[in-house]
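J.: Sequence and computational prediction follow.
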Amino acid sequence: MKQKDIYIPFCDNCAISNTSVFRHLSMNEIEIINFEKDFRHYRRGEVLYSEGSRISGFYCINKGIVKVFKTGIDGKEQIIRFAKPGDIIAYRSVLSNEPACTSAKVIEDARMCFIPSHILIDFVKENPQFSMAIMKLTCHELGESNDYITDIAQKTVRERLAEILLHLINDFGLDTDNYLKITLTREELANIVGTSTESVIRLLSEFKSDRYIELSGRKIKILDRKSLEKISNVF
């Protein structure tokens with residue numbers, strides 16, 4: 001086995017990030033996670049957990065992208081968010097001791113740490129700074145959900161698609177050729193925007209004709225960010 005295949009990241013590295021909730025942990029608490037976590041590899045298309053299931057821990061993403069979504073009565077997905085390196089998912093179900101209210105599926109080959117539930121519960125009880133960081137993260141995600149509900153109710157599909165493209169730029173960035181660093185299917189884009197795949201295909205074609213974007217298969221190149229900002233009514 002090649003060395004890169006047995007690479008396991010140490011939580012010390014995550015803890016030094018200014019955006020990580022783990023930065024509030026003591027060295028002893030970090031060592032507990034290092035000892036008890038389970039480091040796992042996942043391929044695109046693998047499901048981490050499903051809506052309604054019981055979860056025995058939460059995930060911290062080291063590499064890759066995971067989509068978190070809910071499934072409607074008709075089986076159609078509604079994507080809630082994309083989790084990227086440094087993000088944690090499934091922690092709210094652990095804290096509430098309730099079945100998962102969402103599902104999570106890998107859309108870009110991923111590596112992540114699975115951390116047992118009791119560790120999160122113990123740290124929340126014993127470490128006030130960590131507990132506050134978890135509360136702030138929960139409130140931030142709730143705020144994003146509220147914004148999304150407002151957008152669905154008040155914005156046109158065209159405005160929502162432009163806004164989603166801007167969020168993807170902010171969350172994942174652009175490469176040197178101005179292509180989004182996240183690659184999504186048209187169906188996945190539709191499931192974020194909250195519309196049909198056909199509508200997204202039509203609007204992407206319109207954005208391309210208007211020279212706001214370029215399309216290369218699933219890849220999207222941003223040509224005119226200012227126009228997207230104007231259309232989205234966000235900035």
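T.: Yes, it's here. Numbers count the residues shown, from 1 in each chain.
J.: could you point out the longest helix in this structure?
T.: Counting by DSSP state H, the longest helix found in the chain is helix 128-154.
J.: how does this structure divide up, domain by domain?
T.: Domain assignment for the chain, taken from automatic domain parsing, gives 3-152, 156-232.
J.: Could you tell me the least trusted of those?
T.: Among the domains of the chain, domain 3-152 carries the lowest mean pLDDT, a mean of 88.
J.: next one: that domain to chain centre, how far?
T.: 9 Å (CA atoms, centre = their mean, to the nearest Å).
J.: Equivalent analysis for stretch 166-182, please.
T.: With CA atoms, centre = their mean, you get 14 Å for stretch 166-182.
J.: Which residues belonging to the helix or strand harbouring residue 167 are considered buried?
T.: Using DSSP states H and E, the element containing residue 167 is helix 157-172. For helix 157-172, the buried set under the neighbour-count rule, 16 or more other CB atoms under 10 Å, comprises 157-169, 171. C-betas here are computed from N, CA, C, even on glycine.
J.: helices and strands around it, which ones?
T.: On a contact count with 3 or more CB pairs under 8 Å, 6 or more residues apart in numbering; DSSP states H and E, helix 157-172 meets strand 77-83, helix 128-154, helix 186-193, helix 197-209, strand 219-222, helix 225-232.
J.: Would you mind giving these as TSV with mean neighbour count and distance to residue 108 added?
T.: As requested, the helices and strands packed on helix 157-172 are arranged in TSV below (neighbours: other CB atoms under 10 Å; distance: least, CB to CB, whole Å):
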stretch	mean neighbour count	distance to residue 108
strand 77-83	20	9
helix 128-154	13	21
helix 186-193	21	12
helix 197-209	16	20
strand 219-222	18	13
helix 225-232	16	23
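J.: Out of the ones you listed, the one nearest residue 44 is which?
T.: Among the helices and strands packed on helix 157-172, the nearest to residue 44 by CB to CB is helix 186-193 (11.7 Å).
J.: CA atoms only for the closest one - export them in CSV, please.
T.: Output of helix 186-193 as CSV, limited to C-alpha atoms (Å, rounded to 0.1, in the frame of the first residue of the first chain):
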residue,chain,number,x,y,z
ARG,A,186,-27.9,20.3,-14.2
GLU,A,187,-30.2,18.3,-11.9
GLU,A,188,-28.1,19.2,-8.8
LEU,A,189,-28.3,22.8,-9.8
ALA,A,190,-32.0,22.6,-10.2
ASN,A,191,-32.3,20.9,-6.8
ILE,A,192,-30.5,23.8,-5.1
VAL,A,193,-32.5,26.5,-6.9
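J.: List of residues touching that helix?
T.: For helix 186-193, contacts defined as CB atoms under 8 Å, 6 or more residues apart in numbering pick out 67, 69, 76-79, 107, 157, 160-161, 164, 184, 196-197, 199-201, 204, 218.
J.: before we move on, the earlier item: what's the angle from the helix holding residue 167 to helix 225-232?
T.: Going by axes from the mean of the first three to the mean of the last three CA atoms, to 10 degrees, helix 157-172 is angled at 130 degrees with respect to helix 225-232.
J.: could you give the angle of helix 157-172 to helix 128-154?
T.: Using the same axes, to 10 degrees: helix 157-172 against helix 128-154 is 160 degrees.
J.: got the contact list for helix 157-172?
T.: With CB under 8 Å, 6+ apart, helix 157-172 has contacts from 65, 82, 84, 151-152, 155, 180-182, 189, 192-195, 199-200, 203-204, 206-207, 213, 220, 222, 225, 228-229, 231-235.
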